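Participant: coordinates only, sequence not included:
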């Protein structure tokens, strides 16, 4: 075999087996070993999500999270007061309810009155994240100011594992 044929064969083999861009199921290109950011994530289990009381996060962050949840395939409803919450729970079945930890008992009371099967995903202040009252009651929760990726990951884990 000539040196030029051997060199071409070696080059083709090197290019064929070297890491490079790869196609993920409808997600576009990403580099191997760098992972896929959740901003382009499609939810494997699209859910009906009811959000109540995210006023602790800055408005821009809250809007970005809402848009990201919808882009990922979740059906999102936002309730701004107890009456809207009760009405939403009566009108539709939700898979997940996201609410501030301080409002969880009120949300659960309204949900039980509506015969809801929704799982709670509370938002917990960073200072309370290791509190036994939180850890003993919830396996999964979001920290105050959680990113879109954290929301998507916890919703998926909640639905996948039927935790809650």
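Facilitator: Yes, it's here. Please read these numbers as outputs of a predicted model, since none were measured by experiment. Numbers count the residues shown, from 1 in each chain.
Participant: so residue 138 touches residue 123, yeah?
Facilitator: No: the criterion here is C-beta atoms under 8 Å, and residue 138 misses it with residue 123 at 10.7 Å. Using the backbone N, CA and C atoms, a C-beta is placed for each residue, glycine as well.
Participant: from residue 65, how far out is residue 59?
Facilitator: Distance of residue 59 to residue 65, computed by C-beta to C-beta, to the nearest Å: 11 Å.
Participant: who's more crowded, those two?
Facilitator: residue 65 (24 against 9; other C-beta atoms under 10 Å).
Participant: which SSE is that one in?
Facilitator: Assessed by DSSP states H and E, residue 65 sits inside helix 59-71.
Participant: quick revisit: give me the more crowded residue out of residue 138 and residue 123.
Facilitator: Shown here are residue 138 and residue 123; by other C-beta under 10 Å, residue 123 has more neighbours (24 against 19).
Participant: average pLDDT across whatever helix or strand that one lives in?
Facilitator: In the assignment (DSSP H and E), residue 123 maps to strand 119-124. For strand 119-124, mean pLDDT rounds to 93.
Participant: what mean pLDDT would you report for the next helix-or-strand element following it?
Facilitator: As assigned by DSSP H and E, the chain's next helix or strand after strand 119-124 is helix 132-137. Helix 132-137 shows a mean pLDDT of 91.
Participant: and stretch 155-163, by the same measure?
Facilitator: pLDDT averaged over stretch 155-163 gives 81.
Participant: can you list contacts of it?
Facilitator: Stretch 155-163 is contacted by residues 43-45, 47, 49, 69, 74, 95-96, 119, 121, 139-140, 164 when judged by C-beta atoms under 8 Å, 6 or more residues apart in numbering.
Participant: mind running it again at 6 Å?
Facilitator: Identification of contacts with stretch 155-163 by C-beta atoms under 6 Å, 6 or more residues apart in numbering yields 45, 47, 96, 119, 121, 139-140, 164.
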